[in-house]
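Peer 1: Any chance you could fold what I've pasted below:
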Amino acid sequence: MATEFTWNIAQMERALSDGIVMTVHYTIEAFDGAYRSSAYGSLGLEAPDEDEMIPYADLTPEIVIDWLKEKFGEEKVQEICDALQAQIDQQKTPTTGTGLPWAS
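Peer 2: Residues are numbered from 1 along each chain as shown. Below is the predicted model:
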């Protein structure tokens with residue numbers, strides 16, 4: 001199964017005076033059917049032009065996720081997905097281990 005990447009919005013910070021979102025807190029989960037990895041982050045946004053303003057009450061997760069991906073750019077989005085995939089690959093085929101040889 002190919003790895004699926006799911007973006008979610010955990011929280012948003014906005015100005016109460018006009019509803020403009022200033023910061024988005026997000027999660028990204030990668031799941032390949034057996035293994036899972038995830039990341040959490042925050043991203044600051046600039047105020048939109050007045051003609052591009054979407055009322056706060058009309059925002060959807062899809063709109064805000066599109067904002068994140070646009071702000072990051074394709075290359076950074078791919079880097080994030082690659083890092084999550086690397087974590088899954090490490091789970092599948094570990095290259096490091098932990099423990100104490102005398103504590104078994």
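Peer 1: Every contact and neighbour count from this point should use C-alpha atoms.
Peer 2: OK.
Peer 1: distance between the longest helix belonging to the chain and the chain's centre?
Peer 2: Ranked by residue count under DSSP state H, the longest helix found in the chain is helix 74-92. Averaged C-alpha coordinates place helix 74-92 at 11 Å from its chain's average position (Cα atoms, centre = their mean, to the nearest Å).
Peer 1: Mind listing what's buried along it?
Peer 2: When neighbours are counted by 16 or more other Cα atoms under 10 Å, the buried residues of helix 74-92 are found to be 81, 84, 85, 87, 88, 89.
Peer 1: cool, and stretch 2-18?
Peer 2: Within stretch 2-18, the residues scored as buried using 16+ other Cα under 10 Å are 3, 5, 7, 8, 9.
Peer 1: Of all pairs in those residues, which one spans the longest distance?
Peer 2: Using Cα to Cα, these reach their maximum pairwise distance at 3 and 9, which is 19.8 Å.
Peer 1: Done for today, thanks.
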